[in-house]
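Visitor: The sequence and its predicted three-dimensional model are supplied below.
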Amino acid sequence: MINNIGKFIIFLGLILIILGLIIQYLPKIKFLGKLPGDIYIKKGNFVFYFPITTSILISLIISLLFLCLRK
């Protein structure tokens, strides 16, 4: 049981490191949030933005990362 807790803490630490790197360098990646397929509607004082293509791309990258870590 203690072995499982240790693995979980290491995994949680790696996730936090990756999340920190993403937060640090995400604003410097120019194309994220401006991909074709991202929905942006502006009418008067109302602005609606839904980055669907960016969300799918990030989801694919995270899925591939987890697939690699699992093996």
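Guide: Thanks, I have the structure now. Numbers count the residues shown, from 1 in each chain.

Visitor: in a strand, that's where residue 47 is, yeah?
Guide: Yes: read with DSSP: H, G, I helix; E, B strand; the rest coil, residue 47 is one of the residues of a strand.

Visitor: Show me the strands in the chain, by range?
Guide: 39-43, 46-50 (DSSP state E).

Visitor: roughly how far apart are residue 40 and residue 16?
Guide: 31 Å (C-beta to C-beta, to the nearest Å). Any C-beta I mention is one placed from the backbone N, CA and C, and that applies to glycine too.

Visitor: sorry, back to before: export the strands of the chain to TSV and tack on distance to residue 11?
Guide: Listed next are the strands of the chain as TSV, based on distance: least, C-beta to C-beta, whole Å:
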stretch	distance to residue 11
strand 39-43	34
strand 46-50	31
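
Visitor: Rebuild those as TSV, extending it with mean neighbour count, distance to residue 61 and mean pLDDT.
Guide: As requested, the strands of the chain are exported to TSV (neighbours: other C-beta atoms under 10 Å; distance: least, C-beta to C-beta, whole Å; pLDDT from 0 to 100):
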stretch	mean neighbour count	distance to residue 61	mean pLDDT
strand 39-43	9	20	90
strand 46-50	9	19	90
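
Visitor: Ok, which of those comes nearest residue 22?
Guide: strand 46-50 (19.3 Å; C-beta to C-beta).

Visitor: Could the C-alpha coordinates of the closest one be exported in PDB?
Guide: Provided in PDB are the C-alpha atoms of strand 46-50 (Å, rounded to 0.1, in the frame of the first residue of the first chain):
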ATOM      1  CA  PHE A  46     -21.200  41.100 -26.100                       C
ATOM      2  CA  VAL A  47     -18.200  38.900 -26.800                       C
ATOM      3  CA  PHE A  48     -18.400  35.100 -27.000                       C
ATOM      4  CA  TYR A  49     -15.200  33.000 -27.400                       C
ATOM      5  CA  PHE A  50     -15.100  29.200 -27.400                       C
END
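
Visitor: Thanks a lot, catch you later.
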